[in-house]
Each structure stands twice: as structure tokens, then as C-alpha cells.
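1. got a predicted structure here, sequence first:
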Amino acid sequence: MCASALLGACAIKPPPTNAAPDESPTAEGTSSSPSPESNVPSSPTAGSASPATTAPDASPEAVPAVGIVGTNHNATAAAYAVPAATVHTWLTTKTGPATRTAFLTFDDGPSVITPQVLDTLKQLSVPATFFVIGRYLELNPAITQRAMAEGHAICLHSYSHDYTYLYPGRAGNVVNITADYDHALAVATRVLGPTYAPGGYRYPGGHMSWTGLEAADAALAQRNVSWIDWNCMSGDADKKPPANPDQALANLTSTFTAYGSPSAAVLLNHDSHGAHVTLATLPRFVQFFRDRGYAFGVIG
Ligand SMILES: [Zn+2]
């Protein structure tokens, strides 16, 4: 499948955080380019799942590590976590494991909808990988702490999600990308503990959408981080997103099939605040993979 057919990541304005959804940057010449998306952060307390023992105004530095030392997940998730470098290789070489494995991924949170996603995943007993935006993580730390505590993995998806800053002229700017990444990592280590160490990074818009990322890829590799795109999607951040679960499932089916029914399926979804169709379709996404014999993993 051509890269453009899988485009589905969103466009989000940089701070100020209450800005209107981005309408500008798109992957030119593509039929399904990164789309405008409302992604105004929730209030810091909305949907919070903070333990009752945690004071609301506790310093982030007081938060202990909630995962295994040197990872992006906890001990429970260690049983089904796959190193990001392995997933990266599967995606870029169109290979996969002998045991079919599905990776549900959610970009652009945390938001007010993320706790509902977590509730649904818990009901389904399925783990996922959250590619969080640093500036939203700052506003909603407890949601992502809860996600890790419940057996999900946390990777980074930039601090700013600002296409113009990260990709001026549509080409990667290594200085800006690495500074932005390091900023996001600093936030995440304050929220998730000083030993937080993600292995995966998802470029805003997707690696497939931009040129000139070689230097940034190398800078990430020096940080033991592999970039992760996707090979199937619900289209929930397209310019014309699915209007209902039937359409969302049809998008998964068509993209999954077009990619050749990969044994390592990486499904792009979003948990930004408007992703209600995605939330409603989650049980059917999970059933889709279970019907085809997939187990569920997270990206370590
Ligand atoms: Zn995104």
C-alpha cells in the first residue's frame, strides 16, 4: 500500500492550547491527508483517576515510577510488550511474528475521552499503546499514570504537535524535532517517574508524511528510540472521519486488507476529545482481530 493511503494522523495547533483546530498542514497530493481535528485539552482534573492518596496539588516530582525501571510499561505489561525496535522492523519490512499480534495505538491524548477508552479496554481485557502529546500530558498527568498502571504502554508523540515547527517546508528539522522530543520526555519523566524510557516515537502526521527525516531518525536512534507508523487505521482523524462504527470498522478492514493482512497489525486510532466514534467502535476493533486469531501486544 502506498504511504499516502494510510495517512490519518491529525493536525493540531501548537500552544496556546485553546486555539481552534488546525486547518492548515496537510500532506499535499494525498487523498487522505492529515485532517483537522479538535483537540483542545481537557481541564487538568477532568477524568482524573488520581489515587485518593495523591494530593491534587502534589508536585510532579513526588510521583514515583509507575512502570518497570527503564521501560514504558509496568510488570503486568512486560508479558505482552514488544520492543519498539522490533515493531519498527516489522512495519518497515512488512514482516511480522509467527503469532499474529495486534497493537492498538491511540494518538494525541490524554484528553477527556481517554478515561472512557481506558474503561472500555478494561472491559475488553485488551492492552494498548498511547502515543501522548507532552503538552497534554502536563495538563492531565493522572490519566496517563492510570493508563500505565492498568497495563498499557506509553510512548511519545512530540511535545508540541506543531507541523510548522517540526517540519518547516514539509521537511524535518532535526534541531526542532529533537528539542521537542526532549521536552516531551522531560514532561513524561516528571509524570511517570525518572526511569521512564519509551522505545517508540510516533512523528506527528506520521513518518510517511514528511521528507528529510534521516537526521532526526538518527537522533532518535541515539536515544534508543525507534519511530513507529501504522499499517491499518480507523480514519478517525481524516478530513472525513467515519460517522459511525460501521464506517470505522470498514476503514480498518479496507486498510488492513490493502496492507496484506499483516501478522503484526498496528492500528492507528486517536483518543483526542472528539474521538467518540472510535470509542464506540473499540469492541468491534477488538473482535475483528480476535476473529482472525490475533493476540494483543503493546509497544515497549
Ligand atoms: Zn497526532
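-> Received it, and whenever you're ready, just let me know what you need.
2. any idea how many residues pack against residue 281?
-> Neighbourhood size, residue 281 [other CB atoms under 10 Å]: 25. C-beta here means a position set from N, CA and C on the backbone, and glycine is covered the same way.
3. helices or strands up against the strand or helix carrying it?
-> Applying DSSP states H and E as the criterion places residue 281 in helix 276-291. The helices and strands touching helix 276-291, judged by 3 or more CB pairs under 8 Å, 6 or more residues apart in numbering; DSSP states H and E, are strand 101-109, helix 114-124, helix 245-258, strand 264-270.
4. give me the contacts around the last one.
-> Counting by CB atoms under 8 Å, 6 or more residues apart in numbering, strand 264-270 makes contact with 6, 8-10, 37, 87, 90-91, 95-97, 100-109, 228-234, 236-237, 252, 256, 275, 278, 285, 289, 294, all of which sit outside it.
5. what mean pLDDT does it have?
-> Strand 264-270 carries an average pLDDT of 98.
6. quick one: which of the helices and strands packed on helix 276-291 is nearest the ion?
-> Nearest of the helices and strands packed on helix 276-291 to the ion, taken as CB to the ion: strand 101-109 at 4.2 Å.
7. the closest one vs the ion: in contact?
-> Yes - part of strand 101-109 sits near the ion under the criterion CB under 5 Å from the ion, namely 107-108.
8. just stretch 264-274 next, same as before
-> No - interface with the ion: stretch 264-274 contributes nothing (CB under 5 Å from the ion), its closest point being 7.0 Å away.
9. I'd like the next helix or strand past the helix or strand bottoming out on mean pLDDT in the chain.
-> The weakest-scoring helix or strand in the chain, judged by mean pLDDT, DSSP states H and E, is strand 35-36 (a mean of 34). As assigned by DSSP H and E, the chain's next helix or strand after strand 35-36 is strand 81-82.
10. for that following strand, name the packing helices and strands.
-> Strand 81-82 packs on strand 298-299, going by 3+ CB pairs under 8 Å, 6+ apart.
11. what lies in contact with the longest helix seen in the chain?
-> In the chain, assigned by DSSP state H, the helix with the most residues is helix 174-192. When contacts are defined by CB under 8 Å, 6+ apart, helix 174-192 is touched by residues 60-61, 63, 65-67, 72, 132-135, 137-138, 141, 144-145, 148, 154, 156-160, 162, 165-166, 168, 195-196, 198, 201, 203, 213, 215-216, 219-220, 223, 225.
12. if we go to 7 Å?
-> For helix 174-192, the surrounding residues in contact (CB atoms under 7 Å, 6 or more residues apart in numbering) are 60-61, 63, 65-67, 134, 137-138, 141, 144-145, 148, 154, 156, 158-160, 165-166, 196, 201, 215-216, 219-220.
13. what are the buried residues along that helix?
-> 174, 176-178, 180-181, 183-185, 187-192 (16 or more other CB atoms under 10 Å).
14. and it, what's its mean pLDDT?
-> Computed over helix 174-192, the mean pLDDT rounds to 98.
15. one step back: deepest-packed of the helices and strands packed on helix 276-291, please.
-> Among the helices and strands packed on helix 276-291, strand 101-109 has the highest mean neighbour count (mean count of other CB atoms under 10 Å), at a mean of 28.
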